[in-house]
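Peer 1: All I have is the shape, not the residue letters:
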């Protein structure tokens, strides 16, 4: 969550926690502008986090599907493989 504080100069400083635990700050002449910037920064941080999470899920699912296709070609699919695929499918649907 962002924080906004009034400085002795009368300006407002917005601070936002970014990914990796770093904090970024910016100073503005009024509180509304500081708040708007903070919201924009948090929105961008969250968007980037969600993109990274989606990429990670896509890589994992793609690798699993390739593995399952290979096993299916060899006639070696098991009940455990089917259950694993169903669990991943449920997770993807729940996240959508």
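Peer 2: All right, it came through fine. These figures come from a predicted structure and were not determined experimentally. Numbering: from 1, shown residues only.
Peer 1: got a list of what residue 31 touches?
Peer 2: By CB atoms under 8 Å, 6 or more residues apart in numbering, the contact set of residue 31 is 4, 6, 12. For every residue, glycine as well, the C-beta is placed using N, CA and C.
Peer 1: For the first one, which three-state class applies?
Peer 2: Taken by DSSP: H, G, I helix; E, B strand; the rest coil, the conformation at residue 4 corresponds to strand.
Peer 1: Near it, how many other residues are there?
Peer 2: By other CB atoms under 10 Å, 15 other residues sit near residue 4.
Peer 1: Could you report the pLDDT at it?
Peer 2: Residue 4 is assigned 96 on the pLDDT scale.
Peer 1: Surely it and residue 12 touch.
Peer 2: Yes. In this structure, residue 4 is within contact of residue 12 by CB atoms under 8 Å, at 5.7 Å.
Peer 1: and which of the contacts of residue 31 is nearest residue 90?
Peer 2: In terms of CB to CB, no member of the contacts of residue 31 lies closer to residue 90 than residue 4, at 41.1 Å.
Peer 1: how close does the closest one get to residue 30?
Peer 2: As for residue 4, its distance to residue 30 is 11 Å (criterion: CB to CB, to the nearest Å).
Peer 1: Give me the common contacts of the two.
Peer 2: Counting by CB under 8 Å, 6+ apart, the residues touching both residue 4 and residue 30 are residue 12.
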